[in-house]
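**Student:** Quick one, what's the 3D model for this:
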Amino acid sequence: METHPVFVSPGGNLYGQPSPSRFSVGFARVVLMPAFLLSTFSNAVQLIGGNITMVQGGTIVLPCKLTDTTESLTQISWQRKTREKLQNDDFFTIMSDGPQFVNGHDKRFEFIGSFDDKNGSLQLADITLLDEGIYTCIFTLFPSGNYKTEIPLNVLVPPVTHVEDNLPILGDDEVSLATCTAASSRPPAEVRWLTGTLADKVRATTSSIQHANGTTTTVSSLLGVPSREINHHLVQCVFTSPALSKEETVPFTIQVYFSPMEVNIGERSKDSLQCVTEANPKANFTWRRSGQSWPQSAVRVEGSTLQFLSMSSDLNGLYQCEASNLYGKDHGYLYVHVTSGTCTACWTLFSILLSLIVIGVAAAVWYLPKSRMSPRALKGSREQMQRVCKTSSGFEKAQRVEEQETVEEEEARSL
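**Tutor:** So this is what the prediction gives:
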């Protein structure tokens, strides 16, 4: 019940009109006194409330306490107007015989005050964005009436964060390498990249999406040319929001994906060979023997490694290693020759081997009529393969093969 002071003019009545009689003046004095007391009482009463901000999922106290009054308390009432309850809604009442819910039970609310102490505070657990709004606490006193205070509740929503690999494939055009997302936050989260030494090779673009419930999704993409130079470089995505207790930093290693490149075969030990290549993701390896059955009982394959279990001439032949992944495949070739219980293996890149074969065939076709190779040239080719097998270094082998081929071409011309 609101109270207002009553103003009386000297010698007049309550309405300020002249009054000739003592009775009227005396009556005015009687009315003035209680009006003055009510005004003083109204100014002395204090109702303690507050303004609250909390992160979604947390627990808060809605404070409400009446002080500086000796009047009798008859009831404490709570109302709310929230995102879920758009109209002012009575939901809780406390009387001398205890608290009770109005218009439905909500177990998240708990009365933590004291009716006798004129403390109507409530605790609210597991708050959500729908709980945001205005909460009104009302004390009913006798005889003065109702006193109320409004408690605004502001709810912060932390972002749901993640970093996504956009699977860039090796190339020359700028593409999105990775994406950082801060989803459904309130207020909007800030997203930024820490790129370190790649600062001049990549750049970031940021956009946001507003949702109907008042939250925002912020997306930041890291752009760059997917080269082998930036592959496996570490960058960081940083999320900042008032709803987070501190900055959230997520490390991310840039991945540039490509098919196997430069498949090489080399000696791992005296009785085993290994297929080596660069690929992302890592390559799977398949071993074969060209034009001949696979010596199942004489060899063992473990991934990229080919191991010889026994040494015999049955192992002689051209072996192929195929390296493959989701983005393609490539091959390496190896010629194995076993003599007197020892194995002499030669290896070369498929591209080099192919070019040597093409050059040799082209030279023979050009210098020999009707594309027929002489017995001497065929003999030279076999000797050439054996000589390659007796060298020690892959690149040295290729160079020596090329030198030998030049000599044989000169011999072919003389024929």
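**Student:** Report the contact partners of the residue nearest the centre of the chain.
**Tutor:** Computing the C-alpha centroid of the chain and ranking residues by Cα atoms, centre = their mean puts His162 first, at 1.5 Å. His162 sits next to 180-181, 183, 250 when contact means Cβ atoms under 8 Å, 6 or more residues apart in numbering. Every C-beta, even on glycine, is put in place using the N, C-alpha and C of the backbone.
**Student:** Kindly report the same for Ala243.
**Tutor:** Contact analysis of Ala243 by Cβ under 8 Å, 6+ apart lists 55-56, 156-159, 185-187, 189.
**Student:** could you flag which of those are buried?
**Tutor:** Applying 16 or more other Cβ atoms under 10 Å to these, the neighbour count classes 55-56, 156-159, 185-186, 189 as buried.
**Student:** Show me these that map onto helices.
**Tutor:** Of the buried ones among the contacts of Ala243, none are assigned to helices by DSSP state H.
**Student:** Adding pLDDT and distance to Ser227, write the residues you listed out as a markdown table.
**Tutor:** Output for the buried ones among the contacts of Ala243, formatted as a markdown table (pLDDT from 0 to 100; distance: Cβ to Cβ, whole Å):
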| residue | pLDDT | distance to Ser227 |
| --- | --- | --- |
| Val55 | 96 | 42 |
| Gln56 | 96 | 42 |
| Leu156 | 97 | 41 |
| Val157 | 97 | 39 |
| Pro158 | 97 | 36 |
| Pro159 | 97 | 32 |
| Ser185 | 97 | 34 |
| Arg186 | 96 | 39 |
| Ala189 | 97 | 31 |
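**Student:** Which one of the residues you listed is nearest to Met311?
**Tutor:** Pro159 (64.4 Å; Cβ to Cβ).
**Student:** Quick one: low-confidence residue ranges for the stretch 301-415 of the chain.
**Tutor:** Along the stretch 301-415 of the chain, segments meeting pLDDT under 70 span 340-415.
**Student:** got it, and the chain?
**Tutor:** The chain contains residues with pLDDT under 70 at 1-44, 340-415.
**Student:** List the contacts of Val238.
**Tutor:** 191-194, 247-250.
**Student:** try 6 Å
**Tutor:** Residues in contact with Val238 (Cβ atoms under 6 Å, 6 or more residues apart in numbering) are 192, 247, 249.
**Student:** likewise Ile254?
**Tutor:** Ile254 is in contact with 177, 230, 233, counting by Cβ under 6 Å, 6+ apart.
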